[in-house]
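> Everything below, folded, please.
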Amino acid sequence: MNKQLFSLLTLFTALFVGAIYYNTSLQTPISSFLNSIKATYLNSISYVSDSIDEHFRQQSSIIDLREKLDMYKETHLISQQVAVELNQLFQENNSSLKTKPEVELVRSISYAKFGDHNKIWLDMPDFNTSKVYGLTANELTAGIVVASKGQALALLNGDIKSSYAVYIGENKAPGIVHGNNEELLIVDFVPTWIPIKVGDEVLTSGLDRLFFEGLKVGVVVKIEQAQGYRNATIKPYYNASNPNYFHVIKEVR
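Below you'll find the predicted structure:
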């Protein structure tokens, strides 16, 4: 009797796992439920950690961090004021241009797939599944954010589907950078008539409206000729060794 019950349970489990694996309509709610549990767990850990820091860390360290936070808030307010005044200047001159970026701090939940360090689930409640967002870390480009199973999925620079518009060097040679599932990145479709060289810095162009212009991507380490254009191999600045927090660019202007 016990063997029959065990066999039935084994068969039921196999059928259930197979249904989840092959049925995408079942994967979406299950993935959403698991990510919500992970987010709740991370919130609890963060709360406990903050409480311990407040009570047991040295007072001087806490004061120093608070002073740096106040300095950051002051700098942020100054930047906002400059943006407001610039927008007013545009209005005075009847210009349709405006400067109103929207950036959100988000937290990583977990890797989306075991062994793939380029895909990370993000805790981003206010997420528009129809949009693609630029992703930064410490003012460096880190990748893009797309929708997967109704959730916010970060595709870091190394992912082959992570691509955005860039400029190369002082002459601003345009191109499209993407991952290669390796340490280095590739910039495709670089015009042959614009001079570039090894050692040139690669920055975002902002033409795809995913990033601001001028965010750092990496440096050129190799250039190859192709049919009608060139490809450049890039060593990225961002190192994804500790992907805990990111900034998502929700609106450029």
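> Quick check: can you list the domain ranges of the chain?
Listed domain ranges for the chain are 2-55, 101-253 (source: automatic domain parsing).
> Worst mean pLDDT among those?
Here the lowest mean pLDDT among these goes to domain 2-55, at a mean of 62.
> neighbours around the residue nearest to Tyr111 when sequence neighbours are not counted, how many?
Using CB to CB, 6 or more residues apart in numbering and skipping residues adjacent in sequence, the residue nearest Tyr111 is Ile120, 5.9 Å away. Just so you know, the C-beta spots here come from the backbone N, C-alpha and C atoms, and that holds for glycine as well. Counted with other CB atoms under 10 Å, the burial measure for Ile120 works out to 26 neighbours.
> can you pull up the bridge partners for Ile120?
When bridges are assigned using DSSP bridges, the partners listed for Ile120 are Tyr111, Ala154.
> ok, Tyr164 touching Ile176?
Yes - counting by CB atoms under 8 Å, Tyr164 sits close enough to Ile176 to count as a contact (7.3 Å).
> quick one, which of the two is more surrounded?
Neighbours per residue, other CB under 10 Å: of Tyr164 and Ile176, the larger number sits with Tyr164, 24 against 15.
> Report all helices and strands that the helix or strand in which that one is found contacts.
Assignment of secondary structure by DSSP states H and E places Tyr164 within strand 163-168. Using 3 or more CB pairs under 8 Å, 6 or more residues apart in numbering; DSSP states H and E as the contact criterion, the elements in contact with strand 163-168 are strand 140-148, strand 173-178, strand 185-190, strand 201-204.
> Reformat these as JSON lines; add distance to Asn242.
Shown next, in JSON lines, are the helices and strands packed on strand 163-168 (distance: least, CB to CB, whole Å):
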{"stretch": "strand 140-148", "distance to Asn242": "12"}
{"stretch": "strand 173-178", "distance to Asn242": "22"}
{"stretch": "strand 185-190", "distance to Asn242": "19"}
{"stretch": "strand 201-204", "distance to Asn242": "22"}
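> Much appreciated, bye for now.
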